[in-house]
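**Q** Please work out how this folds:
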Amino acid sequence: MPAANLPAIRARRPVWNKGRIVGQKRPLMPKHVWAIRVRLEIAGNTRGLALFNLAIDSKLRGCDLVRLMVADVYAAGQVKERASIIQSKTQKPVRFEITEGTRMSLIAWLQEPVMVGSRHLWPGRFHDRPHISPRQYARLVKGWVSSIGLEPSSYGTHSMRRTKVAQIYRKTGNLRAVQLLLGHTKMDSTVRYLGVELEDALAIAEAVEI
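**A** Numbering: from 1, shown residues only. Alright, predicted model coming up:
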């Protein structure tokens with residue numbers, strides 16, 4: 001009896017994300033933000049503290065944060081209270097606030113010898129890289145979260161971007177404000193980005209009386 005035509009058996013490729021935590025990265029909680037700040041201050045890490053603070057305040061994507069110029073945040077001998085840049089992904093302008101603590105850390109960083117004559121806010125160490133790369137920034141973020149005992153695979157550069165807006169949304173429920181701060185062109189993007197669920201929407205509705 002002839003053998004049946006059986007399909008060829010192929011070795012299965014290992015799943016690329018086996019053992020990894022995938023999906024949207026978590027925002028930092030306020031206690032995490034303060035813990036990282038304290039560690040950076042104790043270590044005397046002037047650049048790290050300025051970068052961390054501005055990442056939280058600006059809510060910028062990593063690619064936009066690393067390419068900031070000194071002139072974007074500094075003018076007339078002082079750090080600006082508000083700044084504006086064109087986002088590389090959307091080519092749309094976005095404005096952000098620079099709080100007092102962040103301004104102080106930026107002033108300290110701008111006074112460092114390495115910043116003398118630098119046009120880039122986060123200059124690179126090599127001539128072919130005028131500023132640090134998004135990958136370098138991602139490694140810094142990993143180090144920050146690891147330093148306070150958080151699981152680094154649960155956090156990333158988008159954690160920095162989401163941290164402040166998550167608190168704004170939690171306290172106000174104002175999606176439009178979050179949309180403007182993130183520079184999103186569509187509200188759907190903001191809803192997905194924040195992970196707004198039905199329970200969140202109902203909680204907001206219940207708090208409003210007509």
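
**Q** what's Val114 sitting at in phi/psi?
**A** Main-chain torsions, Val114, degrees, to the nearest 10: phi -60, psi -20.

**Q** Quick check: it touching Pro123?
**A** Yes - between Val114 and Pro123 a contact is recorded at 6.7 Å, counting by C-beta atoms under 8 Å. Glycine gets a C-beta too; all of them are placed from N, C-alpha and C.

**Q** between these two, which one's more packed in?
**A** Higher neighbour count among Val114 and Pro123: Pro123, with 17 against 11, using other C-beta atoms under 10 Å.

**Q** do you know how far the residue nearest to the more buried one when sequence neighbours are not counted is from Val165?
**A** What sits nearest to Pro123 in space, not counting adjacent residues and going by C-beta to C-beta, 6 or more residues apart in numbering, is His131, at 6.0 Å. His131 is 25 Å from Val165, where distance means C-beta to C-beta, to the nearest Å.

**Q** Same question for Thr46.
**A** According to C-beta to C-beta, Thr46 and Val165 sit 26 Å apart.

**Q** same thing with Asp72?
**A** Asp72 is 20 Å from Val165, by C-beta to C-beta.

**Q** of these two, who's got more company?
**A** Between Asp72 and Val165, counted using other C-beta under 10 Å, the more crowded position is Val165 (20 against 16).

**Q** name the element that one belongs to?
**A** For Val165, the element it lies in under DSSP states H and E is helix 157-172.

**Q** Determine the number of other residues adjacent to Asn45.
**A** Residues within reach of Asn45, counting by other C-beta under 10 Å, total 16.

**Q** Over to the one 5 residues further on?
**A** Summarising burial for Ala50: neighbours were counted as other C-beta under 10 Å, giving 25.

**Q** okay but it is in contact with Leu106, surely?
**A** Yes - counting by C-beta under 8 Å, Ala50 touches Leu106, with 5.0 Å between them.

**Q** picking that back up, hang on, the residue nearest to Pro123 packs against Val66?
**A** Yes - counting by C-beta under 8 Å, His131 touches Val66, with 5.5 Å between them.

**Q** Find residues that contact each of those two.
**A** Trp122 (C-beta atoms under 8 Å, 6 or more residues apart in numbering).

**Q** Look at these two and report which has more neighbours.
**A** Using other C-beta under 10 Å as the criterion, His131 and Val66 rank with Val66 on top: 23 against 18.

**Q** can you tell me which residues contact the more buried one?
**A** Trp122, His131, Ile132, Ser133, Pro134, Gln136, Tyr137.

**Q** Repeat the analysis, applying 6 Å as the threshold.
**A** Contacts for Val66 (C-beta atoms under 6 Å, 6 or more residues apart in numbering) come out as Trp122, His131, Ile132, Pro134, Tyr137.

**Q** From Leu140, how far out is the third one?
**A** Taking C-beta to C-beta as the measure, Ile132 and Leu140 are separated by 8 Å.
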